[in-house]
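In: got a predicted structure here, sequence first:
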Protein chains: 2
Amino acid sequence: MKSKSRGAEIVAISSKLFKQKGYTAVTVRDIAEAMGIKAASLYNHISGKQEILAETILPVAELFYEGILQIERSPMTIHEKLGEIIKQHIELTANYYYKMAALNNDWMHLEGDLEKFLCLRNGYEEIFRKIIRAGKEEEILNYQDEEVVVFSILSTLRNLYLWIPKKAKLDQERLTQNLSKVLLDGVF
Amino acid sequence: MKSKSRGAEIVAISSKLFKQKGYTAVTVRDIAEAMGIKAASLYNHISGKQEILAETILPVAELFYEGILQIERSPMTIHEKLGEIIKQHIELTANYYYKMAALNNDWMHLEGDLEKFLCLRNGYEEIFRKIIRAGKEEEILNYQDEEVVVFSILSTLRNLYLWIPKKAKLDQERLTQNLSKVLLDGVF
DNA sequence: GTCTATAGCCGGATAGAC
DNA sequence: GTCTATCCGGCTATAGAC
């Protein structure tokens, strides 16, 4: 990636296309057309299609990991930590809306950086699971099966990108409150 | 699709590959190799790659739709209906594990049958939403925002395919109970 | 920095022998 | 029903002019 701003523009436009069709189905010609230039011209700014994918996914994956690391290390209660995790998902999804699709669906097409991505993703899950487990040990959370809880909360949070744009009117703070209530307290 | 059983075998093997890499990244040569034959030989059984995708997705989408239709029309309570919906998701996901990936991630690559799929999917969501709404009107369910509830439960159920195989030991009945409790009653 | 032209490869699909 | 051989178009990426 030679120029910073031009590269970011390519990544931004590409991520929109990735969200619609997935990485493999998007061609460099599609990307070039959306930029208003020819495909060959893209190669003045990027080394190849792979680089676009890595630049789409990895920076956001790092933000998620660093965020949950800070939450884990903070002196918050379990309840507050879970609220902050939900809030972080909503904020990052709102800020990196298109990129979240590639992060969820196209990470397996990473070539050089696949291992790095998996470390970030697995690390995130480990920390989340640790917090859920601590909640049960401290008798703050009440559940039968740890996996079911981890899976159901993470599924919802990871799929926010499919749905957040429709809720633009509901502001982030209220969404955080409502989603926390539903995920943690249930509906009955 | 000429022969029934041979076609089903192609669809079964293809759906495994679709789960790993997505429809677009899987080539007909990949499918043929997994079948132990050459790519050209596939065309004695299928009309093209598109047909495999449609046969992977549509029959399962129809089962989901017909299932929720029956649940809606039955004389069950809201609580029982929601339990049955969760149970149906677990059962169909266990039975059509690989196909669920394409149903979730590759439906946008359907060509001739895209409209039909969208009808089934939207119809499913409408019925689910109707049940959630009825629960609030009858003062059985308690929530602030209908969209948040619909989204969070469906996100979890639609992502079961990412996770059910790991839980093979936990039998379906216990999983249904645990997941119902977490999704509907919460963890606090 | 963008273009035209094109290399080189791989994709889906077909023809026709066996 | 499977094979070999092949078509043809689209793909990523490069070369070199402007």
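Out: Looks like it came in fine. Residues are numbered from 1 along each chain as shown, chains lettered A, B, ... in the order given.

In: mind listing the helices for chain A?
Out: With helices called from DSSP state H, chain A shows them at A:4-21, A:28-35, A:39-42, A:49-73, A:78-95, A:97-105, A:114-137, A:146-158, A:172-180.

In: dump those to CSV, plus mean pLDDT and distance to chain B.
Out: C-beta here means a position set from N, CA and C on the backbone, and glycine is covered the same way. Shown next, in CSV, are these (pLDDT from 0 to 100; distance: least, CB to the nearest CB, whole Å):
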stretch, mean pLDDT, distance to chain B
helix A:4-21, 95, 7
helix A:28-35, 98, 13
helix A:39-42, 98, 18
helix A:49-73, 98, 12
helix A:78-95, 97, 8
helix A:97-105, 98, 6
helix A:114-137, 98, 8
helix A:146-158, 97, 4
helix A:172-180, 95, 5
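
In: ok, which of the ones you listed comes nearest DNA strand C?
Out: DNA strand C lies closest to helix A:39-42 among the helices of chain A, at 3.1 Å (CB to the nearest atom of the strand).

In: what packs against that closest one?
Out: Judged by 3 or more CB pairs under 8 Å, 6 or more residues apart in numbering or on different chains; DSSP states H and E, helix A:39-42 is in contact with helix A:28-35.

In: which residues does the helix it packs on contact?
Out: Helix A:28-35 is contacted by residues A:9-10, A:13-14, A:16-17, A:38-39, A:41-42, A:49, A:52 when judged by CB atoms under 8 Å, 6 or more residues apart in numbering or on different chains.

In: now neighbour count too, for those residues, in TSV please.
Out: Formatted as TSV, the contacts of helix A:28-35 follow (neighbours: other CB atoms under 10 Å in any protein chain shown):
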residue	neighbour count
A:9	13
A:10	23
A:13	19
A:14	27
A:16	15
A:17	21
A:38	10
A:39	14
A:41	11
A:42	20
A:49	16
A:52	27
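
In: restrict those residues to those that also contact DNA strand C, please.
Out: A:38-39, A:41 (CB under 7 Å from any atom of the strand).

In: ok, residue A:133 touching residue A:146?
Out: Yes - contact criterion CB atoms under 8 Å: residue A:133 and residue A:146 qualify, at 6.2 Å.

In: let's have the ones next to DNA strand C among the contacts of helix A:28-35 in a markdown table, adding distance to residue A:94.
Out: Shown next, in a markdown table, are those (distance: CB to CB, whole Å):
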| residue | distance to residue A:94 |
| --- | --- |
| A:38 | 34 |
| A:39 | 32 |
| A:41 | 32 |
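
In: pick out the residue nearest the middle of chain A.
Out: residue A:100 (4.6 Å; CA atoms, centre = their mean).

In: residue contacts, that residue?
Out: Contacts of residue A:100 by CB under 8 Å, 6+ apart are A:60, A:92-93, A:160-161.

In: tally of neighbours for residue A:183?
Out: 23 (other CB atoms under 10 Å in any protein chain shown).

In: burial count for the nearest residue to it once chain neighbours are set aside?
Out: In this structure, residue A:183 finds its nearest non-sequential neighbour in residue A:153, 5.5 Å apart by CB to CB, 6 or more residues apart in numbering or on different chains. Neighbourhood size, residue A:153 [other CB under 10 Å]: 23.

In: name the residues of stretch A:26-34 that come out as buried.
Out: Across stretch A:26-34, burial judged by 16 or more other CB atoms under 10 Å in any protein chain shown covers A:26, A:28, A:30-32.

In: brain fart, stretch A:144-159
Out: Neighbour-count burial for stretch A:144-159 [16+ other CB under 10 Å]: A:145, A:147-159.

In: picking up where we left off before, output the helices of chain A as CSV; include the columns distance to residue B:75.
Out: Formatted as CSV, these follow (distance: least, CB to CB, whole Å):
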stretch, distance to residue B:75
helix A:4-21, 42
helix A:28-35, 52
helix A:39-42, 60
helix A:49-73, 46
helix A:78-95, 37
helix A:97-105, 39
helix A:114-137, 38
helix A:146-158, 29
helix A:172-180, 32
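
In: residue B:125: which of the ones you listed is closest?
Out: For residue B:125, the closest of the helices of chain A is helix A:146-158, at 15.7 Å, according to CB to CB.

In: need the contact partners of that closest one.
Out: Outside helix A:146-158, the residues touching it (CB under 8 Å, 6+ apart) are A:85-86, A:89, A:104, A:125, A:128-129, A:132-133, A:136, A:141, A:143, A:179, A:183, B:151-152, B:155-156, B:158-159, B:162-163, B:166-167, B:170, B:175, B:178-179, B:182-183, B:187.
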